[in-house]
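*Asks:* return a 3D structure for these sequence lines:
(2 chains, ligands or ions: 1)
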Amino acid sequence: MNFDDTPQEAEFRATARAWIDANAPKQYEDELRKSSLGRTVLKNADILEVAKAWQKKKADAGWACLHWPKEYGGRGSSPIERVIWQQEEGPFGQLSRMFIIGHGMCGPTMMAFAREEHKRTYLPPLASGEKVWCQLFSEPAGGSDVAGLRTRAEKDGDDWVINGQKIWTSGAHYSDYGILLTRTDPTVPKHKGLTMFFLDMKSPGVEVRPIKQASGASDFNEVYFTNVRIPDHQRLGEVGDGWNVSLTTLMNERSAIGAAVSTGFPELFEYCSSLVLDDGPAIEDPAVRSKLANWAVKASGLKYTSMRAISALSKGERPGPENSIGKLVAGSMIQDVATYALDLQGASGVISGEDAELAGRFQAMLLRAPGTRVEGGTDEIMRNIIAERVLGLPGDIRVDKDVPFNKIPTKGRG
Amino acid sequence: MNFDFSDDQKQLRDQARKFLAEKCSPKAVRVVLDGKAPYDKELWKGLAEMGFLGVAFPEEFGGAGAGHLELCVIAEEMGRANAPVPFSSTVYLAAEALLIAGTDAQKKKWLPAIASGEAIGTLALFEGKGNPSPKNVKLTAANGVLNGVKKPVADGAIADFAVVAARTGSSGRDSDISLFLVDLKAGRAEVKSLTNLDPTRGQAEITFKDCKAEPLGAAGDGWSILTQVLDRAAVLCAFEQVGGSDRALEMGRDYALDRIAFGRQIGSFQAVKHMLADMYVSATLARSNSYYGAWALSTNAAELPEAAAAARISATQAFQHCAKNNIQVHGGMGFTWEFDCHMYYRRANAMALGLGSLTYWEDQLIDRMRKKNAA
Ligand SMILES: Cc1cc2nc3c(=O)[nH]c(=O)nc-3n(C[C@H](O)[C@H](O)[C@H](O)COP(=O)(O)OP(=O)(O)OC[C@H]3O[C@@H](n4cnc5c(N)ncnc54)[C@H](O)[C@@H]3O)c2cc1C
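*Replies:* This next block holds a predicted model:
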């Protein structure tokens, strides 16, 4: 057991640090550090452009998607080097959140299932941030129940013709490509009739409509497909094997989101360290200390759990369903932390935005937090995964499992 | 970076698990639980023969000269088996105090005797209500003679010697406290067994009346030594708690698969599944925090105080959480004396108090984090 860098790791760290120091967009550092909660916004610049420029710079120097193979735009780094990079990148890493779906989910799915020529064509510009990708899975009929989706893909010559609707598609409004899960056979049970594709989001018949979120922002969208044509060579995996393909995406989603999700603890600790309450410094108040200590051990527990996972990974073990822990714990924690920070602010906690304490960072966090507990699988789904796949408990009773999809009774939503 | 135990250490863990499965069945634990013996003497002897008691002692003091990572993996198994032996009081508390502050002669006298299973030791710190604090130490030492009452003292009734915290000054500072070694079998210490939450590990009251004692460590260093001892014990106890958490979770899982109600396995009900998933989550967070504590302990890192407090809190919470929900999963059966669930519930709640309460460690953690941030 060893926490220190090996000589090679130390050398890698020094090189990374020097490069970041010389190249990072320092003018945004402070803003990025402070807006690390809720939503990253830059006051006088378009965050997407700043993110793309930083990503491109990294890619040109070989620092993009470190763990991807070099031929696909990565660096072929070890999992530990990736962690070292993240530590050194610090607040600038915020910018790569714009690409988390592409880098964390679409890329790995392409790598596992796309044709070689497609990998070489599409992956490098994805790694470099020149092209942004989105994930078109959820539908009004199927969120947690992904396999309940209804978007149809019908074969027509060498193409597939897509009709239907997706929903909550993050970043669809600025995406260039997407991975799309469709139903190709409604006469078989729901998991068996699915097929996965990737497509150009600028294809005729694709219409993206932003949805206003509970937080007030519009980061996700509805996406409508009207007779959209996708060539068969853009199919990922076999016809009817889309469920399997999507499992690869979802597994990667959990580790990508689980690793990236913040707990809000460092921010709360920093806040309480300087906050003065009616009776004196917050940090000297026994009730505050007890709350902080409880969250401190959750935050450190998550940190060291992910370090254990990385150690396992670097010994060649595969990431497993235990990665669901990160999002499950951090999701509700960030919500509780935000609630508590506002509680400490008393009546003035109600003020949000620029006029609020710390420019409203905890208020923004509170309003974004519910989404964290839903996106990428709800808390309940995470618990099911742990119970069934880690602990080996029986699966939920699924009355529709063996019924042909078109015979499942339906009740619309929304 | 490599954040895992080595293959050798894992092998040692397997060896300990196998040994304890054989020698420390729930039936054996019940002999002590039911008050038929103060501790499991056979098991204690066996642990000595396996080399587990002195695993972290230097070879010159009768130990295996391995290290604290090895002790951590053994501790985990002791917790998993709910072993009814004075392991924590002797090995984590008394022996650690000797290792940190003992003279060569003191170490030579006691450490080999511990390693061979001949001597049981303990730490006499508490004096009734309250948490570790110099101001709660009222027992006095003057000219090497102790006067005062300690309680609760873990395994005090079976211990051969005690490390005793005593007041040697009245300045109001930490330096008022000094440590002493007392041979409890040499008379003048009156020992009374106390009933307690977890009869598989006894508690006692010890009255020192003009009791002769030899200093352990320099005069006035007592509190600083104790802090180190408690931090080390916090990490080691955390491993016992992690072992106990895992076992309680496993028992709950197995029962959930076994028991049928409403025509299905109760483990197919989400309320039960989710309860078990949450147990897994807290056990996992505790394990990870404890690994960090193990690293800090084994390398004597500057991070040890903070890491120890985090491991302590997280493992205490996890064991309490898993032990209580294990009973819940078992329903009425879980609340019977006959089922083993309550043994873990008892142990979890007793361990939560043994080194000072959760509130105390929460307080410590925040202090230590502040210090680090200020540095
Ligand atoms: C901010 C955000 C970004 C998103 N981005 C994307 C994206 O980019 N691409 C994409 O495809 N999707 C995206 N989603 C959709 C997301 O994956 C789904 O919202 C999520 O999986 C939940 O599905 P649902 O909304 O249909 O809820 P439902 O499935 O309708 O769930 C409603 C409630 O029922 C509970 N529930 C459902 N099934 C079970 C069960 N089996 N056991 C116990 N409880 C259950 C849920 O936990 C929840 O509490 C995003 C969502 C959010 C909030």
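*Asks:* what's the nearest residue in the stretch 201-350 of chain A when you look at the ligand?
*Replies:* Closest contact between the stretch 201-350 of chain A and the ligand, by C-beta to the nearest ligand atom, is at A:F220 (4.9 Å). The C-beta positions use only the backbone N, C-alpha and C, and glycine is treated the same way.
*Asks:* doesn't A:S170 make contact with that residue?
*Replies:* Yes. In terms of C-beta atoms under 8 Å, A:F220 counts as a neighbour of A:S170; the distance is 4.7 Å.
*Asks:* now for whatever residue of the stretch 151-300 of chain B ends up closest to the ligand: which residues touch it?
*Replies:* Using C-beta to the nearest ligand atom, the single residue of the stretch 151-300 of chain B nearest to the ligand is B:Q270, 5.9 Å away. Neighbour list for B:Q270: A:E380, A:R383, A:N384, A:D396 [criterion: C-beta atoms under 8 Å, 6 or more residues apart in numbering or on different chains].
*Asks:* pull up the gap between the last one and the ligand, please.
*Replies:* For A:D396, the distance to the ligand equals 5 Å [C-beta to the nearest ligand atom, to the nearest Å].
*Asks:* which residues in the stretch 101-250 of chain A form strands?
*Replies:* Secondary structure of the stretch 101-250 of chain A, counting by DSSP state E, counting those that start in this stretch: strands at A:133-136, A:152-156, A:159-170, A:177-183, A:194-200, A:206-211, A:220-231, A:235-236.
*Asks:* picking up where we left off before, now the buried members of the contacts of B:Q270.
*Replies:* Buried by 16 or more other C-beta atoms under 10 Å in any protein chain shown: A:E380, A:R383, A:N384, out of these.
*Asks:* point out the ones among those that are inside helices.
*Replies:* Per DSSP state H, helices hold the following members of the buried ones among the contacts of B:Q270: A:E380, A:R383, A:N384.
*Asks:* how about TSV for these, with distance to A:I100 and pLDDT added?
*Replies:* Output for those, formatted as TSV (distance: C-beta to C-beta, whole Å; pLDDT from 0 to 100):
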residue	distance to A:I100	pLDDT
A:E380	23	97
A:R383	23	97
A:N384	23	96
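*Asks:* okay, those residues in TSV with distance to chain B next?
*Replies:* Converted to TSV, those look like this (distance: C-beta to the nearest C-beta, whole Å):
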residue	distance to chain B
A:E380	7
A:R383	4
A:N384	7
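*Asks:* of A:F220 and A:S170, which one has the most company?
*Replies:* A:F220 (21 against 18; other C-beta atoms under 10 Å in any protein chain shown).
*Asks:* which strand residues bridge the more buried one?
*Replies:* A:S170, A:I211 (DSSP bridges).
*Asks:* before we move on, what about the one 5 residues further on?
*Replies:* Using DSSP bridges, the bridge partners assigned to A:F225 are A:G164, A:V206.
*Asks:* for the residue of the stretch 51-200 of chain B found nearest chain A, give me the pLDDT.
*Replies:* Residue nearest to chain A within the stretch 51-200 of chain B: B:L69 (6.1 Å; C-beta to the nearest C-beta). Predicted confidence (pLDDT) at B:L69: the value is 98.
*Asks:* residues of the stretch 51-200 of chain A that sit close to chain B?
*Replies:* Applying C-beta under 8 Å from any C-beta of the partner chain, we find that the stretch 51-200 of chain A lies next to chain B at A:I80, A:V83.
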